[in-house]
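A.B. asks: sequence and computational prediction follow.
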Amino acid sequence: MTPARRILLTGARGQVGWELRRTLSPLGEIVALDSSALNLADVDAVRRTVRELAPDVIVNPAAYTAVDKAEGDAERAHAVNAVAPGVLAEEAARRGALLVHYSTDYVFDGGGDTPWREDGACGPLNVYGATKLAGERAIAATGCRHLVFRTSWVYGARGSNFLLTMRRLMRERPELKIVADQIGAPTWCRDLAEATALVLGQIVSPANGFAAAVPWGVYHMTNAGETSWHGFAEAIQALDEFDETWVPSRLVPIPSSDYPTPARRPLNSRLDNGKLERTFGVRLQDWRAALALCLARE
């Protein structure tokens, strides 16, 4: 019997990693490591771990995602988001493995109002976006087999994200001021993980080698549709369940200029997912349907 392919998964306790651990299990043996088991800021530990585990596939959803904090912690953000992916890619190239990595809409400057394509000109506005872009480029420079999935506004029923923050604040405050001029696609981490599994299922199997002629590179992967943060909050409020004593919070739309943060955010975070659908036949459901399913899971 041919041994199962070994898949090294980083960030196993993160919202995307937690879902990937489940959706990728039919594709091989999952070795799931959280930040306590693999510190991505430690280059030597990253190299040593990959060489000891000898994976056939490396899936890296782990990242430094504290966007505002990164403005004052650029060195660590760069180590985790830029250096570590490059090291993972070097090790993948060394053993002929596949690297799957996740990036962000924040690699773009947010100009215009049309969805960004993968070949669009990058111009990150903040440290987080700059370090994620550097990670993408470090991966590409190694020449390894790789898939980089850029996504946006990721949320889920666990961890720390906009959905959970809004659900808490809506129970605590009579009024919430929410940015309405940043437009993107809220993306459910479960859909992101399932779409990843669908793509990888076309490329790898426990018994066979990598599929031939796969167009490696960058793909956009978000739920379909678009909204603002304010629109996302309205949808959460409409779908959430509150007790009979609850008085709905007033959701006030405001411009980004009225909510200054250490890190600038792009106004246009729309991503064009056409390349993913054309290449792999994978299209994520509309963000509203995904949100309804996420809230219905509890």
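C.D. replies: Sure, I can see it.
A.B. asks: run through the stretch 151-298 of the chain and note the low-pLDDT ranges.
C.D. replies: In the predicted model of the stretch 151-298 of the chain, residues 205-213, 297-298 satisfy pLDDT under 70.
A.B. asks: what segments of it are strands?
C.D. replies: Ranges of strands in the stretch 151-298 of the chain, per DSSP state E, counting those that start in this stretch, are 154-155, 175-179, 183-184, 187-188, 217-220, 227-228, 250-254.
A.B. asks: quick one: which of those is nearest residue 196?
C.D. replies: strand 217-220 (10.2 Å; Cβ to Cβ). Glycine gets a C-beta too; all of them are placed from N, C-alpha and C.
A.B. asks: pull out the buried residues from that closest one.
C.D. replies: Across strand 217-220, burial judged by 16 or more other Cβ atoms under 10 Å covers 218, 219, 220.
A.B. asks: likewise stretch 10-26?
C.D. replies: 10-21, 23-24.
A.B. asks: residues contacting residue 132?
C.D. replies: 63, 81, 82, 103, 104, 106, 107, 124 (Cβ atoms under 8 Å, 6 or more residues apart in numbering).
A.B. asks: got the CA coordinates for stretch 234-253 in PDB?
C.D. replies: Provided in PDB are the C-alpha atoms of stretch 234-253 (Å, rounded to 0.1, in the frame of the first residue of the first chain):
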ATOM      1  CA  GLU A 234     -26.300  45.100   9.300                       C
ATOM      2  CA  ALA A 235     -26.400  41.500   7.900                       C
ATOM      3  CA  ILE A 236     -25.100  40.100  11.200                       C
ATOM      4  CA  GLN A 237     -27.700  42.000  13.200                       C
ATOM      5  CA  ALA A 238     -30.500  40.800  10.900                       C
ATOM      6  CA  LEU A 239     -29.400  37.100  11.200                       C
ATOM      7  CA  ASP A 240     -28.300  37.000  14.800                       C
ATOM      8  CA  GLU A 241     -30.600  35.700  17.600                       C
ATOM      9  CA  PHE A 242     -31.200  37.900  20.600                       C
ATOM     10  CA  ASP A 243     -33.400  37.500  23.600                       C
ATOM     11  CA  GLU A 244     -36.800  39.200  23.900                       C
ATOM     12  CA  THR A 245     -35.400  42.000  26.100                       C
ATOM     13  CA  TRP A 246     -32.800  43.200  23.500                       C
ATOM     14  CA  VAL A 247     -33.200  46.600  21.900                       C
ATOM     15  CA  PRO A 248     -31.400  46.700  18.500                       C
ATOM     16  CA  SER A 249     -28.300  48.700  18.400                       C
ATOM     17  CA  ARG A 250     -28.400  51.700  16.000                       C
ATOM     18  CA  LEU A 251     -25.800  51.100  13.300                       C
ATOM     19  CA  VAL A 252     -24.400  54.400  12.100                       C
ATOM     20  CA  PRO A 253     -22.400  54.500   8.800                       C
END
